[in-house]
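Trainee: Coordinates for the following, if possible.
(chains A and B)
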Amino acid sequence: MTESITDSDQDRDEATILLVDDNPQNLKVLYETLKDRGYRLLIANEGEKALNLAERHQPEVILLDIMMPGMDGYEVCRHLKASSATADSAVVFLSALDDVDAKVKGFGLGGADYIAKPFQAQEVIARVTTHARVIQLERQLQARNRQLEGDQTRILNAINEGIYGLDPDGNIVFANPAAATMAATTADDLVGRNFFRLHFPEPAPGDPPLPAQSTCRQGVAEHQRNLKMRRPNGETFAVEYRATPKPEGADRYGAVVVFRDISVELENEQALEEARALVEEQRDQLAHASRLSTMGEMAAGFAHEVNQPLTAISNYVRVALRLMASEDIDRALAEQTLQKIEAQSHRASEVIRRLRRFVKKPASGKEIIQLSGLLEETRRFAEVDSRVNQVEVLLAVDDDVPDVLADPIQVQQVALNLIRNAMESTRSAASSEPVRVLANRTESGFVRVEVKDHGLGLPDDAEERLFLPFFTTKEEGMGIGLALCRTLMQAQGGEIGFERPDDGGALFWFSLPLADGE
Amino acid sequence: MNETQPMVYVVEDDEAVRDSLELLLKSEGHGVQTFATANAFLDEYSDEMAGCIVLDIRMPGMDGMELQRRLNERNAILPIIFVTGHGDVPLAVDAMKGGAVDFIQKPYKEEALLEKIHTALEQDREQRATLGQKQEIQRRLETLTPRENEIMDRMIAGQANKVIAIELDISQRTVEIHRSRVMHKMGTHSLAHLVRMVMSVKDRIDAS
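Mentor: Residues are numbered from 1 along each chain as shown, chains lettered A, B, ... in the order given. Purely as a prediction, here's the structure:
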């Protein structure tokens, strides 16, 4: 231990030794022996003074003569041990009495050691050094413990979560202020009550165990959210809790239950969820409205698609009637004609079915889609327009394109939108190049669908504005299409974008996540 | 003139419509030839083809309107019945301005289509008969000498022989001889008939 010069350091490092003896000669010898050894030395020649000094200075070691007039050493020791301020001091008895009874009595009163007179300087020094050091360490340890306890208490008090300590039967042995606040009572009121009976209704037979019950019974940690906890006043509140086992002997567990009131959190979550649902609903409605609008634009084409088979049916029926009217019915031809009628009626209903599916509301939700089939269906859809636009649509889907996970109607809507844009642009540019639709797998676990045309190309500021609502390059356009496409793609977990191919025109693409989530 | 048997030429891209129409028209006793594209028809087309065309107005590739323009360029007289879809009225109007005889909207009643085809075939027959006469008149006109032509124009304008003689500074007798040759070459004895004949081909003369 290094010598220090500051008072505070001295206070901390320098042990205090109280020398108590009625014989001035003895005191002098002791003093001489211990001085200059880094101790603060105090001297008392009678019991009262010794107690007084000890109370004020709390010495680490007290060398205490037994045989003193008035209050003897035993009495002084009894008083020292009875006072909390001095109880931890090491009392080393000094006496000429060298008998066992005296020693036993001294130890019985809490004495730490015994030095016989006449003193051996080395012995005195050695014993004092040892005891001073032990007491100093003990005191440091206690100070540290007190500090830790203080910290712990402050933390427990400051924590927003309610904390209960439970014994194996679920009785509350500890409750922090937050727990009391949430229970709308005081911590003192909580301690001693039973956690299960206090906060939960009596479970019916067959009910799952109450919260923390498994923790107390089997030592299993628990975590649960959105659970109702009852206050002593009967109100309930939503909580999230964690129960951690606290071993209490063999196969016995208490629990530490940490819980927090999540009522506000739940309200916020619900509001957020409602807002999200509203946005989704509006998106779906907009998508639906857009599909209806698209169908409106394509009405003439659809009428044509339905009228073709109807016209054929009408013709075949006339033929069949003529066949029936003739004397010698050609049964084979009649049957053939009727089969053709059947095929055409299927064809008409298929157009209607496709149309109905496309305008169905709401969208059917995500499912596993085989893209080649969906894109072929979309191509047929677009073909309705291709009669008007006079633009061919060619489809090339790689054989190894895996299935994707998405809402088929919304994907079809996006694909149709891009294909129709491409056809329109091609027609405006008076080009005879077909619109090409490709699909292939990307390295990043997506399927990328491309729609490429040789039309007018894209404006210079397309990058900034193309996917913004109400931006359009078409005279009759509303500027909803691409903005909606992007929203729909985002809802599928996909992306949408465009490129300017070197050979002119435009290339739009969208990507969709694989169904198997590789 | 060696004209072929009148046929109904069906130009229709939709296979079912084409097939059903072919069966229907055949069952009605018409000669039918079908084409899946306008180009296929154009490749086959010749002036000798008689009958009528049933033409879908909307087809991928060359559409009905374009085929009509091409046929007009070739002075084709085959009557065209356009088959239109719902909402194609403006197109149909253009088609009629381009010389189509009629149009019919899909889906149609077969009677209505058969009726229109009947009318078109009738019209084609008449046109062709008239065209035959006109071509005969044209052929005869081409046998006239320049002097005879000059005299005929004045006859048609109603000038008397005396007036013609004075204006052309020839004898009235010479006018009479030319006049008699014109009537002979044109194969008529009546001035009124001559006037009708010449007037009937006048458009073609002006056009050529």
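
Trainee: before we move on, what SS does residue A:246 have?
Mentor: Put simply, residue A:246 is strand when judged by DSSP: H, G, I helix; E, B strand; the rest coil.

Trainee: cool, the one 4 residues further on as well?
Mentor: In terms of secondary structure, residue A:250 is coil; the call rests on three-state DSSP.

Trainee: And for residue 26, the neighbour number?
Mentor: Since no chain was named, I'll use chain A. Residues contacting residue A:26 under the criterion other CB atoms under 10 Å in any protein chain shown number 19. Using the backbone N, CA and C atoms, a C-beta is placed for each residue, glycine as well.

Trainee: meant chain B actually
Mentor: Using other CB under 10 Å, the number of residues around residue B:26 comes to 14.

Trainee: Repeat that for residue A:487.
Mentor: By other CB under 10 Å, neighbour count at residue A:487 equals 19.

Trainee: Chain B contacts on the stretch 101-250 of chain A?
Mentor: Residues of the stretch 101-250 of chain A lying near chain B by CB under 8 Å from any CB of the partner chain: none.

Trainee: Which parts of the stretch 101-250 of chain A are helices?
Mentor: Assigned by DSSP state H, counting those that start in this stretch, the helices in the stretch 101-250 of chain A fall at A:121-158, A:177-182, A:187-190, A:195-199, A:213-218.

Trainee: winner for burial among those?
Mentor: By mean neighbour count, with neighbours taken as mean count of other CB atoms under 10 Å in any protein chain shown, helix A:195-199 ranks first of the helices of the stretch 101-250 of chain A at a mean of 21.

Trainee: What's the mean pLDDT across it?
Mentor: Mean pLDDT, helix A:195-199: 90.

Trainee: Check the secondary structure at residue B:152 for me.
Mentor: At residue B:152 the chain is in helix, as set by three-state DSSP.

Trainee: Sorry, slip of the keys, the one I care about is residue B:183.
Mentor: Strictly by three-state DSSP, residue B:183 counts as helix.

Trainee: And the closest residue to it other than its chain neighbours, how close does it get to chain A?
Mentor: Nearest residue to residue B:183, sequence neighbours excluded (CB to CB, 6 or more residues apart in numbering or on different chains): residue B:189, at 6.4 Å. Distance, residue B:189 to chain A, by CB to the nearest CB, to the nearest Å: 52 Å.

Trainee: So which residue of chain A lies furthest out from the middle?
Mentor: The centre of chain A is farthest from one residue, residue A:327, which by CA atoms, centre = their mean lies 85.1 Å away.

Trainee: now the helix or strand bottoming out on mean pLDDT in chain B, how far from the centre of its chain.
Mentor: Across the helices and strands of chain B, mean pLDDT, DSSP states H and E gives its lowest value to helix B:191-207, namely a mean of 73. How far helix B:191-207 lies from its chain's middle: 16 Å, per CA atoms, centre = their mean, to the nearest Å.

Trainee: ok, back up a step: so the residue nearest to residue B:183, which state does it fall into?
Mentor: Assigned with three-state DSSP, residue B:189 falls in the coil class.

Trainee: How about residue B:147?
Mentor: helix.

Trainee: Now do the contacts for it.
Mentor: If a contact means CB atoms under 8 Å, 6 or more residues apart in numbering or on different chains, then residue B:147 has residue B:178 as its contacts.

Trainee: ok so, going back, in terms of helix, strand or coil, where does the residue farthest from the centre of chain A fall?
Mentor: With three-state DSSP as the basis, residue A:327 sits in coil.

Trainee: Now do the domain split for the chain, please.
Mentor: Answering for chain A, as no chain was given. Using automatic domain parsing, the domains assigned to chain A come out as A:7-153, A:159-261, A:363-518.

Trainee: right idea, wrong chain: chain B
Mentor: Looking at automatic domain parsing, the domains of chain B come to B:7-129, B:143-207.

Trainee: what about the stretch 1-150 of chain A, any weak spots by pLDDT?
Mentor: By pLDDT under 70, the low-scoring segments of the stretch 1-150 of chain A are A:1-12, A:97-98.
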